[in-house]
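Asks: output the structure for:
(chains A and B)
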Amino acid sequence: AQTVTQSQPEMSVQEAETVTLSCTYDTSESDYYLFWYKQPPSRQMILVIRQEAYKQQNATENRFSVNFQKAAKSFSLKISDSQLGDAAMYFCAYTNAGNMLTFGGGTRLMVKP
Amino acid sequence: NAGVTQTPKFRILKIGQSMTLQCAQDMNHNYMYWYRQDPGMGLKLIYYSVGAGITDKGEVPNGYNVSRSTTEDFPLRLELAAPSQTSVYFCASSTHYTGELFFGEGSRLTVL
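Replies: Numbering: from 1, shown residues only, chains lettered A, B, ... in the order given. The predicted structure is shown next:
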């Protein structure tokens, strides 16, 4: 079974600053997909960003970007210019052919005004 | 756009009771999923479906059953509820397993 590990249960960032959330995964596959999902207090899960393993270029979505290190099996999320609305649980997730989406344990991000 | 709709949002069950969590999506997605989220934890896959009439077990299927008679609906049945099934349940759908999952708002179930 695939495993996804988020080693930071909680992180804190000052408003307007930058924060990086860590994620590592275990796989023997070469073709797979990685995701970051956000879960605000409302509980609704929202896709933040998606990365295809065959693409070397790191995905970006506005203030959100990833650092994808395939050899190290690392997939960190960088949030720039943090806003109060970024406060949420963030989940890293992995999927490949034959395996549905597997989630990490989550990182709670707090944003200080 | 309704997206993914789950009912009920909250439910309290007694040990041994049964119930069905309803899930419907209006995006014509082939893939549908049921996850559970225990407090402070990530989501674990219970069951999934890749199309009408096709379902398969996920990581934690024991104590649950599903059916997929239509593209739109994917109900989750809890038989003989146990305290270990106290959790928040999320239904989700996608066009493909490699794509974005669209989630419902979740159903909080408490078994006492």
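
Asks: tell me if the strand ranked longest in chain A is near chain B.
Replies: Counting residues, the longest strand found in chain A (DSSP state E) is strand A:88-96. Yes. Using CB under 8 Å from any CB of the partner chain, strand A:88-96 reaches chain B at A:Phe91, A:Thr95. Yep, even glycine has a C-beta here, placed from its N, CA and C like the rest.

Asks: direction included, what does that strand pair up with?
Replies: Sheet partners assigned to strand A:88-96 using DSSP bridges are listed as strand A:33-39 (antiparallel), strand A:99-103 (antiparallel), strand A:107-112 (antiparallel).

Asks: most tightly packed of those?
Replies: Of the strands paired with strand A:88-96, the one with the most neighbours on average (mean count of other CB atoms under 10 Å in any protein chain shown) is strand A:33-39, at a mean of 23.

Asks: and the contacts of it?
Replies: A:21, A:23, A:25, A:45-53, A:64, A:66, A:68, A:75, A:77, A:86, A:88-96, A:101, A:103, A:106, B:98, B:100-101 (CB atoms under 8 Å, 6 or more residues apart in numbering or on different chains).

Asks: related to what we said a few turns ago, pLDDT on the longest strand of chain A, on average?
Replies: Averaged across strand A:88-96, the pLDDT comes to 95.

Asks: how about CSV for the strands paired with strand A:88-96, with mean pLDDT added?
Replies: Below are these laid out as CSV (pLDDT from 0 to 100):
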stretch, mean pLDDT
strand A:33-39, 96
strand A:99-103, 87
strand A:107-112, 97
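
Asks: now distance to B:Lys9 too, for those strands, in TSV please.
Replies: What follows is the strands paired with strand A:88-96, written out as TSV (distance: least, CB to CB, whole Å):
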stretch	distance to B:Lys9
strand A:33-39	16
strand A:99-103	22
strand A:107-112	23
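
Asks: what is the burial count for B:Gly3?
Replies: B:Gly3 is flanked by 14 other residues according to other CB atoms under 10 Å in any protein chain shown.

Asks: in contact with the nearest residue to A:Leu21 once chain neighbours are set aside, which residues?
Replies: Nearest residue to A:Leu21 in three dimensions, chain neighbours excluded: A:Leu77, at 4.5 Å (CB to CB, 6 or more residues apart in numbering or on different chains). By CB under 8 Å, 6+ apart, A:Leu77 lies in contact with A:Thr20, A:Leu21, A:Cys23, A:Trp36, A:Val48, A:Ile49, A:Phe64, A:Ser65, A:Val66, A:Tyr90, A:Cys92.
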